[in-house]
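In: have a look; sequence and predicted model below, questions after that.
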Amino acid sequence: MAANSLTVTDNRTGKVYELPIEQGAIRAMDLRQIKVSEDDFGLLSYDPAFMNTASCRSAITYIDGDRGILRYRGYSIEQLAERATYLETAYLLLYGELPTSAQLDDWVYQITHHTWIHENMKKVMEGFHYDAHPMGMIVSMVGALSTFYPEAKNGIDGETRKLQIIRLIAKMPTLAAFAYRHNLGMPYAYPDNHLSYTGNFLNMLFKATEVKYEPHPTLERALEVLFILHADHEQNCSTNAVRSVGSSRVDPYSAVAAGVAALYGPLHGGANEAVLRMLGSIGSRDKIPQFIKQVKEGKAKLMGFGHRVYKNYDPRAKIIKRMADETYEVTRPSPLLPVAQELERIALEDEYFVTRKLYPNVDFYSGMIYESLGFPVEMFPVLFAIPRTAGWLAQWQEMIEDPEQKIARPRQVYTGPAQRDYVPLGMRG
(Lines give C-alpha, C1' and ligand atoms only; values in the text may rest on other atoms or scores of the structure.)
Protein backbone atom coordinates (compact mmCIF):
# COMPACT_ATOMS: atom_id res chain seq x y z
CA MET A 1 0.00 0.00 0.00
CA ALA A 2 1.48 3.35 -1.07
CA ALA A 3 2.09 5.90 1.66
CA ASN A 4 0.64 8.73 -0.44
CA SER A 5 -2.74 7.17 -1.01
CA LEU A 6 -6.27 7.06 0.32
CA THR A 7 -7.92 3.74 1.09
CA VAL A 8 -11.66 3.74 0.50
CA THR A 9 -14.05 0.97 1.44
CA ASP A 10 -17.35 0.93 -0.44
CA ASN A 11 -19.81 -0.32 2.18
CA ARG A 12 -22.34 -1.10 -0.57
CA THR A 13 -20.12 -3.81 -2.05
CA GLY A 14 -17.37 -4.36 0.51
CA LYS A 15 -14.72 -3.58 -2.11
CA VAL A 16 -11.61 -1.67 -1.12
CA TYR A 17 -9.99 0.93 -3.40
CA GLU A 18 -6.63 2.66 -3.15
CA LEU A 19 -6.62 6.20 -4.57
CA PRO A 20 -3.28 8.00 -5.14
CA ILE A 21 -2.80 11.33 -3.36
CA GLU A 22 -0.82 13.91 -5.33
CA GLN A 23 -0.11 17.42 -4.04
CA GLY A 24 -2.79 17.02 -1.38
CA ALA A 25 -5.51 15.96 -3.82
CA ILE A 26 -7.08 12.87 -5.32
CA ARG A 27 -8.24 12.82 -8.92
CA ALA A 28 -12.00 12.90 -9.20
CA MET A 29 -11.82 10.47 -12.12
CA ASP A 30 -10.32 7.88 -9.77
CA LEU A 31 -13.71 7.76 -8.05
CA ARG A 32 -15.31 6.50 -11.25
CA GLN A 33 -13.89 3.02 -10.67
CA ILE A 34 -16.06 2.73 -7.55
CA LYS A 35 -19.21 1.00 -8.84
CA VAL A 36 -21.93 -1.30 -7.58
CA SER A 37 -22.25 -3.05 -10.96
CA GLU A 38 -20.70 -3.07 -14.41
CA ASP A 39 -23.37 -0.77 -15.86
CA ASP A 40 -23.05 1.69 -12.98
CA PHE A 41 -21.66 5.08 -14.14
CA GLY A 42 -19.34 5.24 -11.14
CA LEU A 43 -19.04 7.47 -8.10
CA LEU A 44 -19.15 11.26 -8.48
CA SER A 45 -18.05 13.96 -6.07
CA TYR A 46 -20.73 16.57 -5.37
CA ASP A 47 -19.31 20.02 -4.59
CA PRO A 48 -21.60 23.04 -5.13
CA ALA A 49 -19.65 26.27 -5.67
CA PHE A 50 -16.31 24.38 -5.80
CA MET A 51 -15.90 24.63 -2.03
CA ASN A 52 -13.28 21.85 -2.01
CA THR A 53 -12.55 21.02 -5.64
CA ALA A 54 -9.42 22.00 -7.58
CA SER A 55 -10.26 22.50 -11.25
CA CYS A 56 -6.68 23.15 -12.38
CA ARG A 57 -3.02 23.24 -11.49
CA SER A 58 -1.70 26.79 -11.40
CA ALA A 59 1.68 28.39 -10.74
CA ILE A 60 0.40 31.97 -10.72
CA THR A 61 -1.05 32.91 -7.33
CA TYR A 62 -0.59 31.32 -3.92
CA ILE A 63 -2.95 32.00 -1.01
CA ASP A 64 -2.68 30.72 2.54
CA GLY A 65 -5.92 31.95 4.05
CA ASP A 66 -5.16 30.75 7.57
CA ARG A 67 -1.92 32.73 7.74
CA GLY A 68 -3.06 35.69 5.65
CA ILE A 69 -0.53 35.17 2.84
CA LEU A 70 -0.91 36.24 -0.79
CA ARG A 71 1.91 35.78 -3.32
CA TYR A 72 2.19 36.32 -7.06
CA ARG A 73 4.61 33.78 -8.56
CA GLY A 74 6.23 33.46 -5.12
CA TYR A 75 6.61 37.20 -4.46
CA SER A 76 4.74 38.56 -1.45
CA ILE A 77 1.99 41.05 -2.15
CA GLU A 78 3.55 43.36 0.46
CA GLN A 79 6.86 43.60 -1.47
CA LEU A 80 5.17 44.07 -4.82
CA ALA A 81 2.84 46.77 -3.50
CA GLU A 82 5.77 48.63 -1.97
CA ARG A 83 8.32 48.33 -4.79
CA ALA A 84 6.72 47.32 -8.09
CA THR A 85 4.60 49.02 -10.71
CA TYR A 86 1.36 47.54 -12.00
CA LEU A 87 2.79 46.76 -15.45
CA GLU A 88 5.80 45.09 -13.84
CA THR A 89 3.39 42.98 -11.78
CA ALA A 90 1.30 42.18 -14.86
CA TYR A 91 4.42 40.94 -16.66
CA LEU A 92 5.28 38.77 -13.66
CA LEU A 93 1.82 37.19 -13.61
CA LEU A 94 1.86 36.47 -17.33
CA TYR A 95 5.43 35.27 -17.81
CA GLY A 96 6.47 33.93 -14.43
CA GLU A 97 9.45 36.19 -13.73
CA LEU A 98 10.04 39.84 -13.00
CA PRO A 99 11.14 41.56 -16.22
CA THR A 100 14.67 42.74 -16.86
CA SER A 101 15.14 46.44 -17.54
CA ALA A 102 15.08 45.85 -21.30
CA GLN A 103 12.04 43.58 -21.08
CA LEU A 104 10.17 46.09 -18.94
CA ASP A 105 10.98 48.96 -21.29
CA ASP A 106 9.65 46.99 -24.26
CA TRP A 107 6.58 45.81 -22.31
CA VAL A 108 5.68 49.34 -21.19
CA TYR A 109 6.24 50.65 -24.72
CA GLN A 110 3.96 48.00 -26.23
CA ILE A 111 1.20 48.59 -23.69
CA THR A 112 1.47 52.38 -24.00
CA HIS A 113 1.18 52.31 -27.78
CA HIS A 114 -1.87 50.06 -27.86
CA THR A 115 -4.07 52.17 -25.57
CA TRP A 116 -5.99 53.77 -28.43
CA ILE A 117 -9.21 52.15 -29.59
CA HIS A 118 -10.78 52.15 -33.04
CA GLU A 119 -13.00 55.18 -33.61
CA ASN A 120 -15.90 52.86 -34.43
CA MET A 121 -15.79 51.66 -30.82
CA LYS A 122 -16.95 55.14 -29.83
CA LYS A 123 -20.07 54.57 -31.93
CA VAL A 124 -20.76 51.40 -29.97
CA MET A 125 -20.34 53.34 -26.73
CA GLU A 126 -22.64 56.12 -27.92
CA GLY A 127 -25.43 53.57 -28.41
CA PHE A 128 -25.77 53.20 -24.64
CA HIS A 129 -28.19 55.33 -22.64
CA TYR A 130 -26.54 58.14 -20.70
CA ASP A 131 -27.12 56.41 -17.36
CA ALA A 132 -26.14 52.87 -18.44
CA HIS A 133 -24.12 51.05 -15.80
CA PRO A 134 -20.42 51.25 -16.69
CA MET A 135 -19.92 47.52 -16.09
CA GLY A 136 -22.66 46.69 -18.57
CA MET A 137 -20.88 48.91 -21.09
CA ILE A 138 -17.50 47.28 -20.40
CA VAL A 139 -18.91 43.77 -20.85
CA SER A 140 -20.25 44.75 -24.26
CA MET A 141 -17.20 46.77 -25.34
CA VAL A 142 -14.66 44.08 -24.43
CA GLY A 143 -16.70 41.49 -26.29
CA ALA A 144 -16.97 43.85 -29.27
CA LEU A 145 -13.17 44.08 -29.49
CA SER A 146 -13.11 40.53 -30.81
CA THR A 147 -14.81 41.73 -33.99
CA PHE A 148 -11.97 44.18 -34.62
CA TYR A 149 -9.28 41.51 -34.22
CA PRO A 150 -10.61 38.32 -35.85
CA GLU A 151 -7.15 36.71 -35.74
CA ALA A 152 -7.51 36.58 -31.94
CA LYS A 153 -9.38 33.25 -32.14
CA ASN A 154 -6.05 31.58 -32.92
CA GLY A 155 -5.05 31.51 -29.27
CA ILE A 156 -2.80 28.48 -29.75
CA ASP A 157 -0.25 30.62 -31.63
CA GLY A 158 2.05 32.25 -29.10
CA GLU A 159 2.72 35.49 -31.00
CA THR A 160 -0.96 36.03 -31.78
CA ARG A 161 -1.80 35.39 -28.14
CA LYS A 162 0.85 37.84 -26.91
CA LEU A 163 -0.53 40.62 -29.13
CA GLN A 164 -4.06 40.15 -27.82
CA ILE A 165 -2.78 40.19 -24.23
CA ILE A 166 -1.03 43.52 -24.89
CA ARG A 167 -4.13 44.95 -26.55
CA LEU A 168 -6.47 43.96 -23.75
CA ILE A 169 -4.30 45.26 -20.91
CA ALA A 170 -3.69 48.47 -22.85
CA LYS A 171 -7.26 49.18 -23.94
CA MET A 172 -9.16 48.28 -20.76
CA PRO A 173 -8.42 51.63 -19.04
CA THR A 174 -9.46 53.47 -22.22
CA LEU A 175 -12.78 51.64 -22.35
CA ALA A 176 -13.33 52.27 -18.63
CA ALA A 177 -12.55 55.99 -18.93
CA PHE A 178 -14.82 56.36 -21.95
CA ALA A 179 -17.65 54.67 -20.03
CA TYR A 180 -17.12 57.04 -17.11
CA ARG A 181 -17.22 60.15 -19.30
CA HIS A 182 -20.17 58.81 -21.30
CA ASN A 183 -22.17 58.71 -18.05
CA LEU A 184 -21.23 62.31 -17.33
CA GLY A 185 -21.96 63.50 -20.86
CA MET A 186 -18.36 64.69 -21.25
CA PRO A 187 -16.28 64.43 -24.43
CA TYR A 188 -13.85 61.51 -24.40
CA ALA A 189 -10.25 62.26 -23.43
CA TYR A 190 -7.70 60.34 -25.47
CA PRO A 191 -4.63 58.53 -24.15
CA ASP A 192 -1.43 60.43 -23.41
CA ASN A 193 1.59 58.27 -24.20
CA HIS A 194 3.86 60.38 -22.00
CA LEU A 195 2.09 59.30 -18.80
CA SER A 196 2.31 56.09 -16.80
CA TYR A 197 -0.35 53.39 -17.05
CA THR A 198 -2.26 54.68 -14.03
CA GLY A 199 -1.43 58.31 -14.74
CA ASN A 200 -2.84 57.99 -18.23
CA PHE A 201 -6.00 56.42 -16.85
CA LEU A 202 -6.47 59.38 -14.50
CA ASN A 203 -5.87 61.67 -17.48
CA MET A 204 -8.60 59.99 -19.55
CA LEU A 205 -10.96 60.17 -16.59
CA PHE A 206 -10.47 63.69 -15.31
CA LYS A 207 -8.84 65.85 -17.98
CA ALA A 208 -10.91 68.99 -18.56
CA THR A 209 -9.72 72.12 -20.38
CA GLU A 210 -6.03 71.99 -19.47
CA VAL A 211 -3.58 71.44 -22.34
CA LYS A 212 -1.84 68.61 -20.49
CA TYR A 213 -3.17 66.75 -17.47
CA GLU A 214 -0.66 66.10 -14.68
CA PRO A 215 -1.84 63.49 -12.16
CA HIS A 216 -1.05 64.04 -8.50
CA PRO A 217 1.80 61.61 -7.65
CA THR A 218 0.19 60.45 -4.40
CA LEU A 219 -3.10 59.62 -6.10
CA GLU A 220 -1.30 58.03 -9.03
CA ARG A 221 0.65 55.80 -6.66
CA ALA A 222 -2.46 54.95 -4.63
CA LEU A 223 -4.19 53.74 -7.79
CA GLU A 224 -1.04 51.84 -8.78
CA VAL A 225 -1.05 49.96 -5.48
CA LEU A 226 -4.77 49.21 -5.72
CA PHE A 227 -4.19 47.83 -9.22
CA ILE A 228 -1.37 45.58 -7.95
CA LEU A 229 -3.53 44.28 -5.09
CA HIS A 230 -6.38 43.43 -7.47
CA ALA A 231 -4.28 41.94 -10.27
CA ASP A 232 -5.06 38.30 -9.45
CA HIS A 233 -6.59 36.25 -6.69
CA GLU A 234 -6.42 32.60 -7.65
CA GLN A 235 -9.56 30.68 -8.77
CA ASN A 236 -12.30 33.14 -7.86
CA CYS A 237 -15.68 33.42 -9.60
CA SER A 238 -14.56 35.66 -12.48
CA THR A 239 -11.30 33.78 -13.04
CA ASN A 240 -13.20 30.52 -13.15
CA ALA A 241 -15.55 32.12 -15.71
CA VAL A 242 -12.60 33.18 -17.90
CA ARG A 243 -11.06 29.71 -17.73
CA SER A 244 -14.36 27.94 -18.36
CA VAL A 245 -15.35 30.09 -21.34
CA GLY A 246 -11.77 30.13 -22.63
CA SER A 247 -11.64 26.33 -22.56
CA SER A 248 -13.89 26.35 -25.63
CA ARG A 249 -10.94 28.02 -27.43
CA VAL A 250 -12.90 31.23 -27.95
CA ASP A 251 -10.88 34.43 -28.40
CA PRO A 252 -9.54 36.10 -25.22
CA TYR A 253 -11.81 39.14 -25.63
CA SER A 254 -14.90 36.96 -25.28
CA ALA A 255 -13.35 35.04 -22.38
CA VAL A 256 -12.41 38.25 -20.54
CA ALA A 257 -15.89 39.66 -21.22
CA ALA A 258 -17.20 36.64 -19.32
CA GLY A 259 -14.89 37.54 -16.43
CA VAL A 260 -16.17 41.12 -16.44
CA ALA A 261 -19.75 39.82 -16.41
CA ALA A 262 -18.99 37.64 -13.38
CA LEU A 263 -17.33 40.56 -11.64
CA TYR A 264 -20.46 42.64 -12.27
CA GLY A 265 -22.29 40.59 -9.63
CA PRO A 266 -22.76 42.17 -6.19
CA LEU A 267 -21.27 39.12 -4.45
CA HIS A 268 -17.99 39.62 -6.32
CA GLY A 269 -17.07 43.05 -7.68
CA GLY A 270 -19.79 44.94 -5.83
CA ALA A 271 -18.60 44.14 -2.33
CA ASN A 272 -16.85 47.46 -1.63
CA GLU A 273 -20.00 49.31 -2.69
CA ALA A 274 -21.91 47.26 -0.12
CA VAL A 275 -19.40 48.39 2.54
CA LEU A 276 -20.08 52.05 1.76
CA ARG A 277 -23.82 51.47 1.91
CA MET A 278 -23.43 49.72 5.27
CA LEU A 279 -21.31 52.53 6.72
CA GLY A 280 -23.78 55.09 5.37
CA SER A 281 -26.68 53.27 6.99
CA ILE A 282 -24.84 53.31 10.35
CA GLY A 283 -24.18 57.02 9.92
CA SER A 284 -22.18 57.83 13.05
CA ARG A 285 -19.91 56.18 15.63
CA ASP A 286 -22.49 56.32 18.41
CA LYS A 287 -24.78 54.02 16.42
CA ILE A 288 -22.18 51.27 15.99
CA PRO A 289 -23.06 49.35 19.22
CA GLN A 290 -26.66 49.04 18.06
CA PHE A 291 -25.50 47.89 14.62
CA ILE A 292 -23.17 45.29 16.19
CA LYS A 293 -26.09 44.02 18.25
CA GLN A 294 -28.20 43.65 15.09
CA VAL A 295 -25.39 41.73 13.37
CA LYS A 296 -25.19 39.27 16.25
CA GLU A 297 -28.97 38.83 16.13
CA GLY A 298 -28.88 38.12 12.41
CA LYS A 299 -30.78 41.32 11.59
CA ALA A 300 -27.89 43.04 9.78
CA LYS A 301 -24.81 42.01 7.80
CA LEU A 302 -21.25 43.09 8.55
CA MET A 303 -19.89 43.87 5.07
CA GLY A 304 -16.15 43.99 4.31
CA PHE A 305 -15.30 41.43 6.99
CA GLY A 306 -14.52 37.77 6.40
CA HIS A 307 -13.62 36.01 3.18
CA ARG A 308 -14.19 32.63 1.57
CA VAL A 309 -10.42 32.07 1.52
CA TYR A 310 -8.93 34.21 4.31
CA LYS A 311 -9.42 33.11 7.91
CA ASN A 312 -6.97 35.76 9.02
CA TYR A 313 -6.46 39.46 8.27
CA ASP A 314 -6.56 39.89 4.49
CA PRO A 315 -3.00 41.05 3.64
CA ARG A 316 -4.39 43.39 0.98
CA ALA A 317 -6.57 45.13 3.58
CA LYS A 318 -3.53 46.12 5.66
CA ILE A 319 -1.88 47.72 2.63
CA ILE A 320 -5.04 49.51 1.54
CA LYS A 321 -5.59 50.90 5.03
CA ARG A 322 -2.12 52.42 4.90
CA MET A 323 -2.76 53.78 1.40
CA ALA A 324 -6.01 55.33 2.62
CA ASP A 325 -4.10 57.38 5.19
CA GLU A 326 -1.72 58.66 2.48
CA THR A 327 -4.58 59.39 0.07
CA TYR A 328 -6.52 61.39 2.65
CA GLU A 329 -3.55 63.72 3.06
CA VAL A 330 -4.27 64.89 -0.49
CA THR A 331 -8.02 64.46 -0.84
CA ARG A 332 -10.95 65.18 1.41
CA PRO A 333 -11.29 62.25 3.84
CA SER A 334 -14.49 60.30 3.61
CA PRO A 335 -17.00 61.38 6.26
CA LEU A 336 -17.50 57.66 6.84
CA LEU A 337 -13.85 57.09 7.84
CA PRO A 338 -14.40 57.53 11.61
CA VAL A 339 -17.30 55.07 11.43
CA ALA A 340 -15.14 52.55 9.57
CA GLN A 341 -12.22 52.89 11.98
CA GLU A 342 -14.41 52.47 15.06
CA LEU A 343 -16.28 49.54 13.52
CA GLU A 344 -12.98 47.83 12.71
CA ARG A 345 -11.66 48.43 16.23
CA ILE A 346 -14.72 46.93 17.89
CA ALA A 347 -14.94 43.97 15.53
CA LEU A 348 -11.27 43.07 16.04
CA GLU A 349 -11.74 43.04 19.81
CA ASP A 350 -15.18 41.44 20.06
CA GLU A 351 -15.03 37.72 20.83
CA TYR A 352 -18.07 37.09 18.61
CA PHE A 353 -16.18 38.21 15.49
CA VAL A 354 -12.74 37.01 16.55
CA THR A 355 -13.90 33.43 17.15
CA ARG A 356 -15.58 33.45 13.73
CA LYS A 357 -12.35 34.76 12.15
CA LEU A 358 -14.12 37.78 10.66
CA TYR A 359 -11.26 40.10 9.80
CA PRO A 360 -11.35 43.10 7.42
CA ASN A 361 -10.94 42.16 3.76
CA VAL A 362 -9.78 44.11 0.72
CA ASP A 363 -13.19 45.71 0.21
CA PHE A 364 -13.44 47.38 3.62
CA TYR A 365 -11.26 50.41 2.81
CA SER A 366 -10.94 50.31 -1.00
CA GLY A 367 -14.39 51.80 -1.58
CA MET A 368 -13.57 54.80 0.59
CA ILE A 369 -10.35 55.41 -1.35
CA TYR A 370 -12.22 55.25 -4.66
CA GLU A 371 -14.81 57.63 -3.24
CA SER A 372 -12.12 60.07 -2.14
CA LEU A 373 -10.65 59.98 -5.67
CA GLY A 374 -14.02 61.14 -7.00
CA PHE A 375 -15.43 57.90 -8.39
CA PRO A 376 -19.14 57.11 -8.15
CA VAL A 377 -19.96 53.69 -6.68
CA GLU A 378 -20.97 52.40 -10.13
CA MET A 379 -17.32 52.67 -11.18
CA PHE A 380 -15.98 50.56 -8.31
CA PRO A 381 -16.25 47.17 -10.08
CA VAL A 382 -14.78 48.75 -13.24
CA LEU A 383 -11.72 49.77 -11.20
CA PHE A 384 -11.52 46.13 -10.16
CA ALA A 385 -11.81 44.82 -13.74
CA ILE A 386 -8.96 46.94 -15.15
CA PRO A 387 -6.14 45.42 -13.06
CA ARG A 388 -7.74 41.98 -12.90
CA THR A 389 -7.45 41.78 -16.71
CA ALA A 390 -3.78 40.84 -16.34
CA GLY A 391 -4.66 38.04 -13.92
CA TRP A 392 -7.47 36.78 -16.11
CA LEU A 393 -5.16 36.67 -19.12
CA ALA A 394 -2.41 34.94 -17.15
CA GLN A 395 -4.91 32.29 -16.05
CA TRP A 396 -6.33 32.00 -19.59
CA GLN A 397 -2.84 31.57 -21.06
CA GLU A 398 -1.92 28.96 -18.46
CA MET A 399 -5.12 27.07 -19.24
CA ILE A 400 -4.38 27.15 -22.99
CA GLU A 401 -0.90 25.74 -22.43
CA ASP A 402 -1.97 23.03 -19.96
CA PRO A 403 -2.23 19.68 -21.82
CA GLU A 404 -4.53 18.29 -19.12
CA GLN A 405 -7.20 20.93 -19.67
CA LYS A 406 -10.18 20.18 -21.89
CA ILE A 407 -13.39 22.04 -22.57
CA ALA A 408 -15.11 22.63 -19.23
CA ARG A 409 -18.05 20.27 -18.77
CA PRO A 410 -19.08 19.70 -15.13
CA ARG A 411 -21.16 16.68 -14.20
CA GLN A 412 -24.46 16.94 -12.38
CA VAL A 413 -26.47 14.90 -9.90
CA TYR A 414 -29.82 14.50 -11.66
CA THR A 415 -32.83 15.03 -9.35
CA GLY A 416 -35.67 15.27 -11.88
CA PRO A 417 -38.41 12.74 -12.68
CA ALA A 418 -37.68 9.39 -14.26
CA GLN A 419 -38.90 8.55 -17.77
CA ARG A 420 -42.42 9.75 -18.53
CA ASP A 421 -44.75 9.46 -21.54
CA TYR A 422 -45.90 12.52 -23.46
CA VAL A 423 -49.44 13.61 -22.55
CA PRO A 424 -51.53 15.25 -25.32
CA LEU A 425 -52.57 18.83 -24.61
CA GLY A 426 -56.28 18.04 -24.15
CA MET A 427 -55.57 15.35 -21.57
CA ARG A 428 -53.34 17.43 -19.22
CA GLY A 429 -54.49 18.75 -15.90
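Out: Received, thanks. Quick caveat: nothing in here was measured; it's all calculated off a predicted structure.
In: for the residue nearest to Gly246 when sequence neighbours are not counted, what are its contacts?
Out: Once flanking residues are discounted, Gly246 sits nearest to Ala255: 3.8 Å by C-beta to C-beta, 6 or more residues apart in numbering. All C-beta spots, glycine's among them, are computed from the backbone N, C-alpha and C. Ala255 makes contact with 242, 245-246, 392, 396 under the criterion C-beta atoms under 8 Å, 6 or more residues apart in numbering.
In: looking at the residues you listed, which is nearest Tyr359?
Out: Distance to Tyr359, by C-beta to C-beta, is smallest for Trp392 among the contacts of Ala255, at 26.4 Å.
In: now do the contacts for Gly128.
Out: To be clear, residue 128 is Phe; Gly isn't right here. Residues in contact with Phe128 (C-beta under 8 Å, 6+ apart) are 136-137, 140, 182.
In: ranking those residues by neighbours, who comes first?
Out: Highest neighbour count within these: Met137, with 23 neighbours (other C-beta atoms under 10 Å).
In: how is the chain divided into domains?
Out: 1-46, 63-404 (automatic domain parsing).
In: need the winner for burial among those.
Out: Neighbour counts (mean count of other C-beta atoms under 10 Å) averaged over each of the domains of the chain peak at domain 63-404, with a mean of 19.
In: quick one: contacts of the helix or strand bottoming out on mean pLDDT in the chain?
Out: When each helix and strand of the chain is scored by mean pLDDT, DSSP states H and E, helix 363-372 comes last, with a mean of 85. With contact meaning C-beta under 8 Å, 6+ apart, helix 363-372 is reached by 222, 226, 271-276, 303-305, 317, 320-321, 323-324, 327-328, 331-334, 336-337, 340, 344, 377, 379-380, 383.
In: repeat that for 7 Å
Out: Contacts with helix 363-372, where a contact means C-beta atoms under 7 Å, 6 or more residues apart in numbering, come from 222, 226, 271-273, 275-276, 304-305, 317, 320-321, 323-324, 327-328, 331-334, 336-337, 340, 380, 383.
In: again, but for stretch 333-340
Out: The contact list for stretch 333-340 (C-beta under 7 Å, 6+ apart) reads 276, 279-280, 282, 284-285, 288, 364-365, 368, 371-372.
In: flag the shaky bits of the stretch 301-429 of the chain, pLDDT-wise.
Out: Of all residues in the stretch 301-429 of the chain, none has pLDDT under 70.
In: circling back to that earlier point, will you turn the contacts of Phe128 into a markdown table that also has secondary structure, distance to Ile169 and pLDDT?
Out: Output for the contacts of Phe128, formatted as a markdown table (DSSP: H, G, I helix; E, B strand; the rest coil; distance: C-beta to C-beta, whole Å; pLDDT from 0 to 100):
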| residue | secondary structure | distance to Ile169 | pLDDT |
| --- | --- | --- | --- |
| Gly136 | helix | 21 | 96 |
| Met137 | helix | 19 | 97 |
| Ser140 | helix | 19 | 97 |
| His182 | helix | 22 | 96 |
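In: pick the one among those residues closest to Leu348.
Out: Using C-beta to C-beta, the contacts of Phe128 come closest to Leu348 at Gly136, 37.0 Å.
In: can you tell me how far the nearest residue to the closest one once chain neighbours are set aside is from Gly374?
Out: Once flanking residues are discounted, Gly136 sits nearest to Tyr264: 7.3 Å by C-beta to C-beta, 6+ apart. The gap separating Tyr264 from Gly374 is 22 Å, by C-beta to C-beta, to the nearest Å.
In: try Leu343
Out: 24 Å.
In: quick one: which of the contacts of Ala255 sit in helices?
Out: If you go by DSSP state H, those have 242, 245-246, 392, 396 in helices.
In: how about these, which pair is most distant?
Out: Of all pairs drawn from those, the greatest distance, 10.4 Å, lies between Val245 and Trp392 (C-beta to C-beta).
In: for Leu6, which three-state class applies?
Out: Assigned by DSSP: H, G, I helix; E, B strand; the rest coil, the conformation of Leu6 is strand.
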